[in-house]
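J.: task: produce atomic coordinates for the following.
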Amino acid sequence: LEEVLPAVVVLTQNILTAVGGLLLLLVLSVYWSIDQYRFERLWLSLLPPRRRAAARDSWRQIEHAVGSYMRSQGVQSILAITLLGIGAALANMDFPLLLALAGGFMAFVPLFGGLLVSVVALVLGSLQSTPLGLGAGIYAFLIFLVLEFVVEPRLWPKAQERRSFLLTILLVIPLLEAVGFWGLLVAPPLAAALEVIIRQVYQSYVRHRATAVHLHDLEARY
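T.: Have a look, this model is predicted:
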């Protein structure tokens, strides 16, 4: 008891801290949703008048893209927890809740989440028998394939709002070195936001060039 009690206390503190952080995030999100337009007017007033409309449109598109990504990954996380937990329970695996929670967390990890959960399922199943470990690993990998290629396109259907894997990889490498494992979680929403900014800048450039040519033609005709 003397050896286990400190670990239980630390684990309880970490769980309570995580729950408190989620509640604080929920309260802040509700407060932001209520006063969204007032906050927008406040920070847009710091910009020059001719930049405010473009900045407002860019901000709302970023908010929509990141929100769509978070909703998609949240639904995938819930599905991963449900399917992995049910599968582990039906197979009489030890620690089915651990496998389910690992799958729900890894649903937010881009590119490598399915492989990591497959390894976890393989290890947990191999503690009982090798065939069970192989079956659990394959089952977890197939679930994440279905989530990635079947569920995600339906939840996040528009191609222009989906994240670029190349940009995600380019962001994962420096973020992984800078902040560790959390960089894998931050890279996809950051990639979605950067794509919106790049698209807005490019569209603004195209409109400017088209307008300049049009005004030049009018001047020549005049």
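J.: what's the local residue count around Ala102?
T.: 22 (other CB atoms under 10 Å). Every residue, glycine included, has its C-beta placed from N, CA and C.
J.: helices along the protein, start to end?
T.: Counting by DSSP state H, the chain has helices at residues 4-34, 36-44, 49-90, 96-106, 113-126, 130-146, 152-155, 165-179, 182-221.
J.: would you turn those helices into CSV with mean pLDDT?
T.: Shown next, in CSV, are these (pLDDT from 0 to 100):
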stretch, mean pLDDT
helix 4-34, 85
helix 36-44, 82
helix 49-90, 88
helix 96-106, 89
helix 113-126, 90
helix 130-146, 91
helix 152-155, 78
helix 165-179, 81
helix 182-221, 78
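J.: neighbours of Asp57, how many?
T.: Quick note: Asp57 (other CB under 10 Å) scores 13 neighbours.
J.: tell me the contacts of it?
T.: Gln200 (CB atoms under 8 Å, 6 or more residues apart in numbering).
J.: if I look at it, how far off is Ala192?
T.: Separation of Asp57 from Ala192 (CB to CB, to the nearest Å) stands at 16 Å.
J.: tell me if I'm right that Leu84 and Met106 touch.
T.: No - taking contacts as CB atoms under 8 Å, Leu84 lies outside contact range of Met106: 9.9 Å.
J.: who has more neighbours, these two?
T.: With neighbours defined as other CB under 10 Å, Leu84 and Met106 compare such that Leu84 has more, 29 against 23.
J.: joint contacts of Leu84 and Met106?
T.: Common contacts of Leu84 and Met106, defined by CB under 8 Å, 6+ apart, comprise Val117.
J.: for Phe108, what are phi and psi?
T.: When read as degrees, to the nearest 10, the backbone of Phe108 gives phi -90, psi -10.
J.: I'd assumed Leu185 was in contact with it.
T.: Yes - between Phe108 and Leu185 there is a contact at 5.3 Å, judged by CB under 8 Å.
J.: wait, what's in contact with the residue lying closest to Ile138 once chain neighbours are set aside?
T.: Closest residue in space to Ile138, ignoring its immediate chain neighbours: Ser118 at 7.6 Å, by CB to CB, 6 or more residues apart in numbering. Counting by CB under 8 Å, 6+ apart, Ser118 touches 137-138, 140-141, 144.
J.: from those, pick the one nearest Gln13.
T.: Of all the contacts of Ser118, Ala140 has the smallest distance to Gln13: 30.0 Å, by CB to CB.
J.: okay, now the nearest residue to the closest one once chain neighbours are set aside: neighbour count?
T.: Leaving out its chain neighbours, the residue that sits closest to Ala140 by CB to CB, 6+ apart is Ala121, at 4.0 Å. Neighbour count for Ala121, taken as other CB under 10 Å: 28.
J.: right, I'll leave it there.
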